[in-house]
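Trainee: Quick one, fold the following:
(one chain, ligands or ions: 1)
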Amino acid sequence: MKMCLETIRVTLARIDKPPAFMEVCGTHTMSAFRSGLRSILPSGISLLSGPGCPVCVTPSGYVEQAVALSENKDVIITTFGDLLRVPGQNGSLEKARARGGDIRVVYSPLDALALAKQETKREVVFLGVGFETTTPAIAGTIKLAEQNGITNFTVFPAHKTMPPAMTALLKDQDVRVDGFICPGHVSVIIGYDAYLPLSREYHIPCVVAGFEPEDMVAAIERLVLQVAENKAEVENVYSRSVTQEGNTAAQELMTDVFHPVDAVWRGLGMIPGSGLDIKENYADFDSRKKFGLGRDLSAAEPVGCKCGDILRGTRLPPDCVLFGKACTPENPVGACMVSSEGTCAAYFKYGRK
Ligand code: SF4
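Mentor: Take a look at the predicted model:
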């Protein structure tokens, strides 16, 4: 790590404009804060946090639809815990549960399927939120439900894919990024070749990194060297987990069950081809079809919340007047303060020290 930091320091002297690198994964954001990485980086590097927290980018309209669905007494909503406290215009799922909605936290979509087997007289809806990392498991669960003839289990899909969001950021005039620290978990599934089109078309260096501070420093070293040499290549410093082609079995599962659609991201708006919907041959397992849920997903923020700008890397949490005052992890106003991987939560926990 010491040698990497020295290379970064020496190379920075060859670069005219201080570079800004974005980590697009919430786990990287947390790791950088927890380890104090930002404080040991040579000055002159900006480390921005991007839209890599799946809960944070889930639009408020999705939460509102899930809250409305929880008022149906025939329905049990199942979800990963982080989504419970994300605010929608009509409150969060946690508040809906306090009002009597049957909303249960599960640790895997298989838990939701097991519940459907027990509660045969009710409909079990699983809130399908996440990136390429979680989508294969959800696809596998849908296939299992079909094979076992389970008819009271559906998934409400809000899955998203990362490369289209990175492309949207590069097209955004307000966003300045000189290189991406590409997400480790997502890259295990999609492989590092997935970033080649992005890197070539936008002349942007991309380096896949693991989650130890040493991994992130190694990625930053590679990015600084590429910027100094005016290169735009895809590199992988997480070779112990990430391959060129990724996990092809997981990719096949995803493409069997899901197909790409345009999707709304909180903070980034509609991004073409960035969502995954359930294919027609698995329509029986699609909550949207079963319950007639619409697609009009508003991405409105609570008044005063700057989550949208923070997810694009154009502002930092302390730029929000609510940060640490009206908005804290105990009383979150916006999604970026709710999730353990949210940038505002990371700043609150570690960044003020
Ligand atoms: Fe939104 Fe709270 Fe972050 Fe402000 S501090 S941007 S209100 S989540």
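
Trainee: hang on, residue 189 packs against residue 246?
Mentor: Yes: at 5.4 Å, residue 189 and residue 246 qualify as touching, with contact defined as C-beta atoms under 8 Å. No exception for glycine: its C-beta is placed from N, CA and C like everyone else's.

Trainee: Is the ligand within reach of stretch 52-60?
Mentor: No: against the ligand, stretch 52-60 shows no contacts by C-beta under 6 Å from any ligand atom, the least distance being 8.4 Å.

Trainee: who in the chain is up against the ligand?
Mentor: Within the chain, the positions near the ligand by C-beta under 6 Å from any ligand atom are 305-307, 310, 317, 320, 322-323, 327, 333-334, 336-337, 344.

Trainee: Take those residues and keep only those in helices.
Mentor: 307, 310, 336, 337, 344 (DSSP state H).

Trainee: ok, back up a step: which of the residues of the chain next to the ligand has the most neighbours?
Mentor: When neighbours are counted by other C-beta atoms under 10 Å, residue 336 leads these with 36 neighbours.

Trainee: my guess is it meets residue 345, correct?
Mentor: Yes: look at residue 336 against residue 345 with C-beta under 8 Å: they come within range, at 6.9 Å.

Trainee: Quick check: residue 181 is in a strand.
Mentor: Yes: assessed by DSSP: H, G, I helix; E, B strand; the rest coil, residue 181 belongs to a strand.

Trainee: Burial check on it, number of neighbours?
Mentor: Neighbourhood size, residue 181 [other C-beta under 10 Å]: 29.

Trainee: quick one on the thing from earlier: which one's more surrounded, residue 189 and residue 246?
Mentor: Neighbour count, other C-beta under 10 Å: between residue 189 and residue 246, residue 189 has more, with 24 against 19.

Trainee: which non-adjacent residue is nearest the more buried one?
Mentor: Leaving aside its sequence neighbours, residue 189 sits nearest to residue 132 (C-beta to C-beta, 6 or more residues apart in numbering; 4.5 Å).

Trainee: Quick check: the gap between that neighbour and the ligand.
Mentor: Distance check for residue 132 against the ligand: by C-beta to the nearest ligand atom, to the nearest Å, it reads 25 Å.

Trainee: Contacts only, for that residue.
Mentor: Residue 132 is in contact with 161, 162, 186, 189, 190, 254, counting by C-beta atoms under 8 Å, 6 or more residues apart in numbering.

Trainee: hmm, which two among those residues are most spread apart?
Mentor: Pairwise distances across those (C-beta to C-beta) peak at 13.0 Å, for the pair 162 and 254.

Trainee: That concludes my questions; thank you for your assistance.
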